[in-house]
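Undergrad: with the sequence up front, the predicted model follows.
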Amino acid sequence: MQELLMNLTFIERGVLAGVLIALICPIVGAFLMVRRVSIISESLSHITLTGISAGVLLGSTTMIFSDLNPMYAGLIFAVAGSLLIEKLRDLYKHFQELAIPIILSAGVGLSAIFMSLSQSGYNEWYAYLFGSIVSVSREDLQFIIYTALIVIGIVILFYKEFISISFDQEYATVSGISVRFMNQVFAILVAFIIAMSMKVVGILLVGAMIVLPVATSIHLSKSFKQVIGFGILFAQIAMLSGVYFSYQFNIATGGMIVVMGMLQLVIVMGVKKIINEWQRRAKREY
(Lines give C-alpha, C1' and ligand atoms only; values in the text may rest on other atoms or scores of the structure.)
Protein backbone atom coordinates (compact mmCIF):
# COMPACT_ATOMS: atom_id res chain seq x y z
CA MET A 1 0.00 0.00 0.00
CA GLN A 2 2.92 2.33 0.69
CA GLU A 3 4.00 2.18 -2.96
CA LEU A 4 0.45 2.89 -4.13
CA LEU A 5 0.15 5.94 -1.89
CA MET A 6 3.53 7.21 -3.08
CA ASN A 7 2.25 7.33 -6.68
CA LEU A 8 -0.91 9.33 -5.91
CA THR A 9 -1.07 13.02 -6.77
CA PHE A 10 -2.25 15.53 -4.16
CA ILE A 11 -5.69 15.78 -5.78
CA GLU A 12 -6.04 11.98 -5.88
CA ARG A 13 -5.12 11.80 -2.20
CA GLY A 14 -7.73 14.44 -1.40
CA VAL A 15 -10.47 12.72 -3.40
CA LEU A 16 -9.73 9.27 -1.94
CA ALA A 17 -9.72 10.70 1.58
CA GLY A 18 -13.02 12.46 0.87
CA VAL A 19 -14.67 9.30 -0.46
CA LEU A 20 -13.69 7.36 2.67
CA ILE A 21 -14.95 10.13 4.95
CA ALA A 22 -18.25 10.36 3.06
CA LEU A 23 -18.65 6.60 3.43
CA ILE A 24 -18.20 6.60 7.20
CA CYS A 25 -19.84 9.83 8.41
CA PRO A 26 -23.49 8.99 7.53
CA ILE A 27 -23.27 5.56 9.17
CA VAL A 28 -22.48 7.01 12.58
CA GLY A 29 -24.64 10.06 11.84
CA ALA A 30 -27.69 7.81 11.52
CA PHE A 31 -27.11 6.39 15.00
CA LEU A 32 -26.57 9.89 16.42
CA MET A 33 -29.86 10.99 14.84
CA VAL A 34 -31.79 8.14 16.46
CA ARG A 35 -30.17 8.85 19.83
CA ARG A 36 -30.84 12.61 19.44
CA VAL A 37 -27.26 13.51 20.37
CA SER A 38 -25.97 14.73 17.00
CA ILE A 39 -24.58 17.84 18.74
CA ILE A 40 -21.91 15.61 20.32
CA SER A 41 -19.98 15.84 17.05
CA GLU A 42 -19.58 19.60 17.56
CA SER A 43 -18.24 19.08 21.07
CA LEU A 44 -15.73 16.45 19.99
CA SER A 45 -14.61 18.53 17.02
CA HIS A 46 -13.62 21.35 19.38
CA ILE A 47 -11.76 19.04 21.75
CA THR A 48 -10.02 17.58 18.67
CA LEU A 49 -8.91 21.11 17.82
CA THR A 50 -7.38 21.24 21.30
CA GLY A 51 -5.36 18.13 20.49
CA ILE A 52 -4.31 19.53 17.11
CA SER A 53 -3.15 22.82 18.62
CA ALA A 54 -1.36 21.00 21.44
CA GLY A 55 0.38 18.76 18.89
CA VAL A 56 1.44 21.73 16.77
CA LEU A 57 2.72 23.54 19.87
CA LEU A 58 4.70 20.52 21.08
CA GLY A 59 6.11 19.92 17.61
CA SER A 60 7.36 23.48 17.32
CA THR A 61 8.81 23.83 20.82
CA THR A 62 10.27 20.41 21.70
CA MET A 63 12.73 18.19 19.85
CA ILE A 64 11.17 14.92 21.00
CA PHE A 65 7.82 15.79 19.40
CA SER A 66 9.21 17.57 16.34
CA ASP A 67 8.05 14.77 14.00
CA LEU A 68 4.63 14.37 15.65
CA ASN A 69 1.70 14.49 13.23
CA PRO A 70 -0.92 16.74 14.91
CA MET A 71 -3.67 14.41 13.63
CA TYR A 72 -2.58 11.74 16.11
CA ALA A 73 -2.65 14.26 18.94
CA GLY A 74 -6.13 15.27 17.79
CA LEU A 75 -7.24 11.63 17.83
CA ILE A 76 -5.94 11.12 21.38
CA PHE A 77 -7.78 14.21 22.63
CA ALA A 78 -10.95 13.22 20.74
CA VAL A 79 -11.00 9.75 22.31
CA ALA A 80 -10.29 11.20 25.76
CA GLY A 81 -13.03 13.79 25.24
CA SER A 82 -15.54 11.15 24.14
CA LEU A 83 -14.89 9.07 27.26
CA LEU A 84 -15.10 12.17 29.45
CA ILE A 85 -18.47 13.06 27.92
CA GLU A 86 -19.81 9.60 28.82
CA LYS A 87 -18.40 10.00 32.34
CA LEU A 88 -20.11 13.38 32.74
CA ARG A 89 -23.37 11.94 31.39
CA ASP A 90 -23.21 9.34 34.16
CA LEU A 91 -22.39 12.04 36.72
CA TYR A 92 -25.26 14.32 35.62
CA LYS A 93 -27.85 11.55 35.32
CA HIS A 94 -30.81 13.95 35.25
CA PHE A 95 -29.05 16.62 33.18
CA GLN A 96 -27.03 14.56 30.71
CA GLU A 97 -27.15 17.26 28.04
CA LEU A 98 -24.80 19.37 30.22
CA ALA A 99 -21.88 17.07 29.37
CA ILE A 100 -21.64 18.29 25.77
CA PRO A 101 -21.39 22.08 26.36
CA ILE A 102 -18.94 21.48 29.22
CA ILE A 103 -16.52 19.64 26.91
CA LEU A 104 -17.17 22.08 24.07
CA SER A 105 -16.33 25.08 26.26
CA ALA A 106 -13.19 23.43 27.59
CA GLY A 107 -12.10 22.57 24.05
CA VAL A 108 -12.55 26.12 22.78
CA GLY A 109 -10.73 27.65 25.74
CA LEU A 110 -7.73 25.32 25.61
CA SER A 111 -7.50 25.60 21.82
CA ALA A 112 -7.34 29.39 22.05
CA ILE A 113 -4.49 29.16 24.57
CA PHE A 114 -2.45 26.60 22.59
CA MET A 115 -2.98 28.42 19.28
CA SER A 116 -1.84 31.71 20.79
CA LEU A 117 1.35 30.05 22.06
CA SER A 118 2.09 28.31 18.75
CA GLN A 119 4.24 29.85 16.04
CA SER A 120 2.28 28.24 13.19
CA GLY A 121 0.99 30.45 10.41
CA TYR A 122 -2.48 31.27 9.15
CA ASN A 123 -2.47 28.71 6.32
CA GLU A 124 -1.87 25.73 8.60
CA TRP A 125 -4.70 26.67 10.98
CA TYR A 126 -6.99 27.48 8.05
CA ALA A 127 -6.51 23.96 6.66
CA TYR A 128 -7.35 22.36 10.00
CA LEU A 129 -10.37 24.59 10.67
CA PHE A 130 -12.02 24.60 7.24
CA GLY A 131 -10.39 21.74 5.34
CA SER A 132 -8.13 21.65 2.30
CA ILE A 133 -7.64 18.89 -0.27
CA VAL A 134 -4.15 20.10 -1.10
CA SER A 135 -3.01 19.66 2.51
CA VAL A 136 -3.71 15.89 2.64
CA SER A 137 -0.28 14.26 2.81
CA ARG A 138 0.52 10.58 2.27
CA GLU A 139 0.77 10.13 6.03
CA ASP A 140 -2.62 11.81 6.48
CA LEU A 141 -4.22 9.53 3.87
CA GLN A 142 -2.71 6.48 5.52
CA PHE A 143 -4.13 7.64 8.85
CA ILE A 144 -7.58 8.11 7.25
CA ILE A 145 -7.50 4.65 5.61
CA TYR A 146 -6.56 2.86 8.84
CA THR A 147 -9.12 4.83 10.83
CA ALA A 148 -11.86 4.06 8.30
CA LEU A 149 -11.07 0.34 8.47
CA ILE A 150 -11.22 0.43 12.28
CA VAL A 151 -14.57 2.27 12.24
CA ILE A 152 -16.10 -0.13 9.69
CA GLY A 153 -14.85 -3.11 11.68
CA ILE A 154 -16.35 -1.81 14.93
CA VAL A 155 -19.71 -1.04 13.28
CA ILE A 156 -19.90 -4.53 11.75
CA LEU A 157 -18.86 -6.17 15.02
CA PHE A 158 -21.30 -4.26 17.24
CA TYR A 159 -24.08 -3.37 14.78
CA LYS A 160 -26.86 -5.19 16.68
CA GLU A 161 -25.72 -3.72 19.98
CA PHE A 162 -25.63 -0.20 18.52
CA ILE A 163 -29.16 -0.68 17.17
CA SER A 164 -30.40 -1.84 20.58
CA ILE A 165 -28.88 0.97 22.64
CA SER A 166 -29.95 3.57 20.07
CA PHE A 167 -33.62 2.61 19.91
CA ASP A 168 -34.30 1.21 23.40
CA GLN A 169 -31.64 1.19 26.12
CA GLU A 170 -33.93 -0.51 28.64
CA TYR A 171 -34.50 -3.41 26.26
CA ALA A 172 -30.76 -3.56 25.60
CA THR A 173 -30.09 -3.81 29.34
CA VAL A 174 -32.66 -6.59 29.76
CA SER A 175 -31.09 -8.40 26.80
CA GLY A 176 -27.78 -8.54 28.62
CA ILE A 177 -26.01 -5.79 26.68
CA SER A 178 -23.61 -3.62 28.68
CA VAL A 179 -25.13 -0.25 27.78
CA ARG A 180 -22.41 1.73 29.51
CA PHE A 181 -19.63 -0.10 27.67
CA MET A 182 -21.39 0.18 24.30
CA ASN A 183 -21.96 3.91 24.85
CA GLN A 184 -18.23 4.30 25.45
CA VAL A 185 -17.40 2.31 22.31
CA PHE A 186 -19.80 4.42 20.27
CA ALA A 187 -18.37 7.65 21.67
CA ILE A 188 -14.88 6.50 20.68
CA LEU A 189 -16.24 5.70 17.22
CA VAL A 190 -17.45 9.29 16.83
CA ALA A 191 -14.05 10.52 18.01
CA PHE A 192 -12.30 8.47 15.32
CA ILE A 193 -14.56 9.94 12.63
CA ILE A 194 -13.94 13.50 13.80
CA ALA A 195 -10.18 12.90 13.76
CA MET A 196 -10.15 11.32 10.29
CA SER A 197 -12.32 14.05 8.76
CA MET A 198 -10.56 17.18 9.96
CA LYS A 199 -7.98 17.52 7.16
CA VAL A 200 -10.55 17.39 4.32
CA VAL A 201 -13.76 18.79 5.84
CA GLY A 202 -12.26 20.90 8.62
CA ILE A 203 -12.75 20.68 12.36
CA LEU A 204 -15.44 23.37 12.49
CA LEU A 205 -17.50 21.79 9.68
CA VAL A 206 -17.17 18.05 10.26
CA GLY A 207 -20.35 18.02 12.37
CA ALA A 208 -22.31 19.17 9.33
CA MET A 209 -20.85 16.31 7.28
CA ILE A 210 -22.14 13.87 9.87
CA VAL A 211 -25.61 15.43 10.16
CA LEU A 212 -26.58 16.86 6.73
CA PRO A 213 -26.56 13.65 4.62
CA VAL A 214 -28.66 11.88 7.25
CA ALA A 215 -31.05 14.85 7.55
CA THR A 216 -31.52 14.71 3.78
CA SER A 217 -31.95 10.94 3.60
CA ILE A 218 -34.70 10.94 6.24
CA HIS A 219 -37.06 12.54 3.73
CA LEU A 220 -36.67 9.59 1.34
CA SER A 221 -36.23 6.64 3.69
CA LYS A 222 -38.69 4.15 5.14
CA SER A 223 -36.23 2.18 7.29
CA PHE A 224 -33.05 2.71 9.27
CA LYS A 225 -30.94 0.91 6.68
CA GLN A 226 -32.35 3.17 3.97
CA VAL A 227 -31.37 6.19 6.06
CA ILE A 228 -27.79 4.91 6.07
CA GLY A 229 -27.85 3.99 2.37
CA PHE A 230 -29.28 7.28 1.13
CA GLY A 231 -27.07 9.12 3.62
CA ILE A 232 -23.94 7.59 2.09
CA LEU A 233 -25.18 8.48 -1.41
CA PHE A 234 -25.85 12.12 -0.49
CA ALA A 235 -22.55 12.35 1.39
CA GLN A 236 -20.62 11.10 -1.64
CA ILE A 237 -22.36 13.59 -3.94
CA ALA A 238 -21.71 16.48 -1.55
CA MET A 239 -18.10 15.42 -1.01
CA LEU A 240 -17.14 14.93 -4.66
CA SER A 241 -18.94 18.03 -5.91
CA GLY A 242 -17.56 20.08 -3.01
CA VAL A 243 -14.00 18.92 -3.66
CA TYR A 244 -14.39 19.65 -7.38
CA PHE A 245 -15.72 23.19 -6.94
CA SER A 246 -13.27 24.02 -4.16
CA TYR A 247 -10.38 23.02 -6.42
CA GLN A 248 -11.77 24.86 -9.45
CA PHE A 249 -12.45 28.12 -7.60
CA ASN A 250 -9.70 27.88 -4.95
CA ILE A 251 -12.04 28.12 -1.96
CA ALA A 252 -12.31 26.26 1.36
CA THR A 253 -12.96 22.56 0.76
CA GLY A 254 -15.00 22.01 3.91
CA GLY A 255 -17.16 25.06 3.30
CA MET A 256 -17.95 23.99 -0.26
CA ILE A 257 -18.80 20.43 0.83
CA VAL A 258 -21.20 21.73 3.48
CA VAL A 259 -22.82 24.15 1.01
CA MET A 260 -23.40 21.27 -1.43
CA GLY A 261 -24.87 19.22 1.41
CA MET A 262 -27.22 22.05 2.35
CA LEU A 263 -28.21 22.46 -1.30
CA GLN A 264 -29.15 18.78 -1.46
CA LEU A 265 -31.27 19.11 1.67
CA VAL A 266 -33.12 22.16 0.33
CA ILE A 267 -33.76 20.49 -3.05
CA VAL A 268 -35.03 17.24 -1.51
CA MET A 269 -37.29 19.10 0.94
CA GLY A 270 -38.63 21.31 -1.85
CA VAL A 271 -39.30 18.44 -4.25
CA LYS A 272 -40.96 16.38 -1.52
CA LYS A 273 -43.20 19.30 -0.57
CA ILE A 274 -44.24 19.77 -4.21
CA ILE A 275 -44.99 16.05 -4.58
CA ASN A 276 -47.01 15.96 -1.34
CA GLU A 277 -49.00 19.02 -2.42
CA TRP A 278 -49.67 17.48 -5.84
CA GLN A 279 -50.84 14.23 -4.19
CA ARG A 280 -53.21 16.12 -1.86
CA ARG A 281 -54.73 17.99 -4.78
CA ALA A 282 -55.09 14.77 -6.76
CA LYS A 283 -56.95 13.15 -3.85
CA ARG A 284 -59.32 16.12 -3.50
CA GLU A 285 -60.09 16.09 -7.21
CA TYR A 286 -60.65 12.35 -7.12
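TA: Sure, I can see it.
Undergrad: give me the local confidence score for V37.
TA: In this model, V37 is scored at 68, pLDDT.
Undergrad: over to I156?
TA: What the model reports for I156 is a pLDDT of 91.
Undergrad: what about the stretch 151-286 of the chain, any weak spots by pLDDT?
TA: Counting by pLDDT under 70, the stretch 151-286 of the chain shows low-confidence ranges at 285-286.
Undergrad: neighbours of R280, how many?
TA: The number of residues packed near R280 is 10, by other Cβ atoms under 10 Å. (Each C-beta comes from the backbone N, C-alpha and C, glycine too.)
Undergrad: phi, psi for F65 please.
TA: The phi and psi torsions at F65 (degrees, to the nearest 10) take the values phi -110, psi 20.
Undergrad: looking at it, G254 is touching G131, isn't it?
TA: Yes. If you go by Cβ atoms under 8 Å, G254 and G131 touch, sitting 3.1 Å apart.
Undergrad: overlap in contacts of the two?
TA: Here G254 and G131 share the contacting residues 200-202, 205, scored by Cβ atoms under 8 Å, 6 or more residues apart in numbering.
Undergrad: which one of those sits in the busiest neighbourhood?
TA: Counting by other Cβ under 10 Å, top hit in the shared contacts of G254 and G131: V200 with 35 neighbours.
Undergrad: any idea how far that residue lies from L233?
TA: Noted for V200: a distance of 18 Å to L233, by Cβ to Cβ, to the nearest Å.
Undergrad: then F224?
TA: For F224 relative to L233 (Cβ to Cβ), the value is 15 Å.
Undergrad: thought I194 was touching V206, still the case?
TA: Yes. Contact criterion Cβ under 8 Å: V206 and I194 qualify, at 5.6 Å.
Undergrad: the two: which is more packed in?
TA: Counted by other Cβ under 10 Å, V206 and I194 do not tie: I194 has more neighbours, with 34 against 28.
Undergrad: tell me what whichever strand or helix holds the more buried one is packed against?
TA: Assigned by DSSP states H and E, I194 falls within helix 179-197. Packed against helix 179-197, as judged by 3 or more Cβ pairs under 8 Å, 6 or more residues apart in numbering; DSSP states H and E, are the following elements: helix 10-35, helix 40-61, helix 70-91, helix 138-157, helix 159-167, helix 169-174, helix 206-217.
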